[in-house]
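Student: Next comes the sequence, and after it the predicted model I'd like to discuss.
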Amino acid sequence: MSLFDATEQAHRRQAQPLAARMRPRNLGEFVGQEHFLGEGKLLRRLIQADRLGSVIFSGPPGTGKTTLARILATETRSAFRQISAVASGVKELREILTEAHDRLTAEGRKTLLLVDEMHRFNKAQQDVLLPDVEEGVVVLVGATTENPFFTINSALVSRSRVFQFEPLTGEQIKIILKRALADEERGLGGFQVTMDEDALDFLAELSDGDARRALSALEVGVLSSGDGPVHFTRKLAEESVQRKAVQYDRDGDAHYDAISALIKSIRGSDPDAALYWLARMLEGGEDVRFLARRLVILASEDVGNADPAALPLAVATAHTCELVGLPECQLTLAQAVTYLACAPKSNAVTVGIGQARRDVREGRLLPVPVHLRDSHYPGARRLGHGEGYQYAHDHPGGIAAQDYLGVDRIYYQPVDRGFERQLAERLKAIRACLKEARRS
């Protein structure tokens, strides 16, 4: 490298933001994703055995997908090429694949191709990759923030190993921030920075597992403090962090994950978690009618007769959302969510109707008992329809000892919670009476 090249490279490095300068250069510097990159884990074993094939990296921004792809190219001594599915088309893709083929033939060296935002490629563009991926001409690294099983061709997914990146923990973010403060070559080690512990905690927490966001806030705080020593306080940290845009696609993976988290939080009787996921969806622009419909379903599916007031409340919530809309109906939704979360839970009706329909689908079709058949049309009596039917209101307690099904089958089993506890006691006596009728 000439003196001019070194100078130009230094100038480019200085122009880079801190997050780019502090990008890990090898596996030893990489922080996070121990579930597949830790000692003895799958991806590390593949690297050590030099058996790396095509992979798909899926996960939120700032968790190291692009960085790890670059490291993989270094570790496997492959040529590294990167394209963005947002800005590139088939023509550029074919040129890279041709170049990779020539390199493999002439030098025996593979090419690691990182396709960033791979879910933005359409089916035809993704299909262009298939032959060279199958032949091993390129080692494909597809990076995506979406669920690859929904957005990437099944043929490519089946030929790749999928690794799910998780948001970095607060402690991992702290490691990265401290490393940036200490590094004099690439980081902020040349500045005299005194970082308060609560400021460090704040940056780690507010970054939402995104290392790039944490490093950007750290850089803003230091560079905006002028010359001389920098006392990085909690107040300075708060001023340096920009409000993160809510990443939410009403038709994408985030939509289904968020509603799943909301429903499971209500089912699990955690009103605080339920309110958070409700807020997350509202801030992301979710349709309030969709939210209301799901609450109506949940009221029967997960609360049921343990609290019969749950369903009318959910239905009233749906009507209110139609009537007043946002922002006012957020209060109604929050009221319904917290009520349903705190209500006693029962899935007895869900299980009961499921078992009954399964019996019907599997061919257990029972004839209607003769005494229950319609006897109002001319000629019904001559067929014996309705003969022997006992009018329930003519009997003590409004219960007639007669058979209504023809077989001994129990579908509805109330739980020992809420109003269903009372139903269970009443049903015990009712079933004893009906069972005696079937026996006789």
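Tutor: Received the coordinates, thanks. Numbers count the residues shown, from 1 in each chain.

Student: Flag the shaky bits of the stretch 1-150 of the chain, pLDDT-wise.
Tutor: For the stretch 1-150 of the chain, the stretches flagged by pLDDT under 70 are 1-14.

Student: Strands along this protein, start to end?
Tutor: Applying DSSP state E to the chain gives strands spanning 55-58, 79-84, 111-116, 138-144, 161-164, 193-195, 230-232.

Student: Please name every helix or strand in contact with the fifth one.
Tutor: Put plainly, it is strand 161-164. Applying 3 or more Cβ pairs under 8 Å, 6 or more residues apart in numbering; DSSP states H and E, one finds that strand 161-164 contacts helix 42-48, strand 55-58. Bear in mind the C-beta positions are built from the backbone N, C-alpha and C, glycine included.

Student: now with 6 Å?
Tutor: strand 55-58 (3 or more Cβ pairs under 6 Å, 6 or more residues apart in numbering; DSSP states H and E).

Student: Each with direction, which strands does the strand it packs on pair with?
Tutor: Using DSSP bridges, the strands paired with strand 55-58 are strand 138-144 (parallel), strand 161-164 (parallel).

Student: Same list, these, but as CSV with distance to G284 please.
Tutor: Output for the strands paired with strand 55-58, formatted as CSV (distance: least, Cβ to Cβ, whole Å):
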stretch, distance to G284
strand 138-144, 19
strand 161-164, 21
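
Student: among these, which is nearest K435?
Tutor: strand 161-164 (52.5 Å; Cβ to Cβ).

Student: for T76, what are its contacts?
Tutor: Residues near T76 by Cβ atoms under 6 Å, 6 or more residues apart in numbering: L52.

Student: ok, I266 - how many residues close by?
Tutor: Applying other Cβ atoms under 10 Å, we find 29 other residues in the vicinity of I266.

Student: from what I can see it touches L275, true?
Tutor: No: counting by Cβ atoms under 6 Å, I266 stays clear of L275, with 10.0 Å between them.

Student: Contacts only, for the closest residue to Q82 other than its chain neighbours.
Tutor: Residue nearest to Q82 in three dimensions, not counting chain neighbours: L114, with 4.4 Å by Cβ to Cβ, 6 or more residues apart in numbering. Shown in contact with L114 (Cβ under 6 Å, 6+ apart): 69, 82, 141.

Student: Contacts for stretch 258-275 next, please.
Tutor: With Cβ under 6 Å, 6+ apart as the criterion, stretch 258-275 contacts 277, 280-281, 298, 302, 337-338, 340-342.

Student: Go again with 10 Å.
Tutor: Outside stretch 258-275, the residues within contact range by Cβ atoms under 10 Å, 6 or more residues apart in numbering are 248, 250, 276-281, 284, 286, 290-291, 294-295, 297-299, 301-303, 333-334, 336-345, 347.

Student: CA atoms only for that stretch - export them in PDB, please.
Tutor: Extracted as PDB, the C-alpha positions of stretch 258-275 are listed here (Å, rounded to 0.1, in the frame of the first residue of the first chain):
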ATOM      1  CA  ALA A 258     -47.100  -8.500  18.100                       C
ATOM      2  CA  ILE A 259     -50.700  -9.800  18.100                       C
ATOM      3  CA  SER A 260     -49.500 -13.200  19.300                       C
ATOM      4  CA  ALA A 261     -47.700 -11.500  22.200                       C
ATOM      5  CA  LEU A 262     -50.800  -9.500  23.100                       C
ATOM      6  CA  ILE A 263     -53.100 -12.500  23.100                       C
ATOM      7  CA  LYS A 264     -50.700 -14.700  25.000                       C
ATOM      8  CA  SER A 265     -50.100 -12.000  27.600                       C
ATOM      9  CA  ILE A 266     -53.800 -11.600  28.200                       C
ATOM     10  CA  ARG A 267     -54.200 -15.400  28.300                       C
ATOM     11  CA  GLY A 268     -51.400 -15.500  30.800                       C
ATOM     12  CA  SER A 269     -53.100 -12.900  33.000                       C
ATOM     13  CA  ASP A 270     -50.400 -10.200  32.700                       C
ATOM     14  CA  PRO A 271     -52.100  -6.800  32.200                       C
ATOM     15  CA  ASP A 272     -48.800  -4.900  32.100                       C
ATOM     16  CA  ALA A 273     -47.300  -6.900  29.300                       C
ATOM     17  CA  ALA A 274     -50.700  -6.800  27.500                       C
ATOM     18  CA  LEU A 275     -50.800  -3.000  27.700                       C
END
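
Student: pLDDT (mean, whole number) over it?
Tutor: The average pLDDT within stretch 258-275 is 93.

Student: try stretch 431-440
Tutor: Across stretch 431-440, the per-residue pLDDT values average to 75.

Student: Likewise for stretch 201-221?
Tutor: Rounded mean pLDDT across stretch 201-221 is 88.

Student: Give me the most central residue, this protein.
Tutor: Nearest residue to the geometric centre of the chain (Cα atoms, centre = their mean): D257, 3.3 Å.

Student: From what I see, F57 and Q33 are in contact.
Tutor: Yes: using Cβ atoms under 10 Å, F57 is in contact with Q33, at 9.3 Å.

Student: Mind checking which of the two has more residues around it?
Tutor: F57 (29 against 22).

Student: Who is the more buried one paired with across the strands?
Tutor: With DSSP bridges as the criterion, F57 is bridged to A143, F163.

Student: about what we covered before: do you know how far the residue nearest to the centre of the chain is from S240?
Tutor: As defined by Cβ to Cβ, to the nearest Å, D257 lies at a distance of 29 Å from S240.

Student: residues contacting R213?
Tutor: With contacts defined as Cβ under 10 Å, 6+ apart, the neighbours of R213 are 19, 61-62, 173, 203, 206-207, 241-242, 244.

Student: Compare the residues you listed and tell me which is most surrounded.
Tutor: In terms of neighbour count, I173 stands highest of the contacts of R213 at 28 neighbours, by other Cβ under 10 Å.

Student: surely that residue meets S207?
Tutor: Yes: between I173 and S207 a contact is recorded at 5.4 Å, counting by Cβ under 10 Å.

Student: Show me whatever sits in contact with both of these two.
Tutor: Each of 62, 167, 213-215 lies in contact with both I173 and S207 under the rule Cβ under 10 Å, 6+ apart.

Student: would you turn the residues you listed into CSV with distance to Y389?
Tutor: CSV is the format used below for these (distance: Cβ to Cβ, whole Å):
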residue, distance to Y389
G62, 71
P167, 64
R213, 72
A214, 74
L215, 79
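
Student: State the pair within these that is farthest apart.
Tutor: For the shared contacts of I173 and S207, the farthest-apart pair by Cβ to Cβ is P167 and L215; their separation is 14.9 Å.

Student: of these two, who's got more company?
Tutor: The neighbour comparison of P167 against L215 (other Cβ under 10 Å) goes to L215, with 27 against 18.

Student: Now do the contacts for that one.
Tutor: 17-23, 62, 173, 176-177, 179-180, 187-188, 203, 207 are the contacts of L215 under Cβ under 10 Å, 6+ apart.

Student: No more questions from me, cheers.
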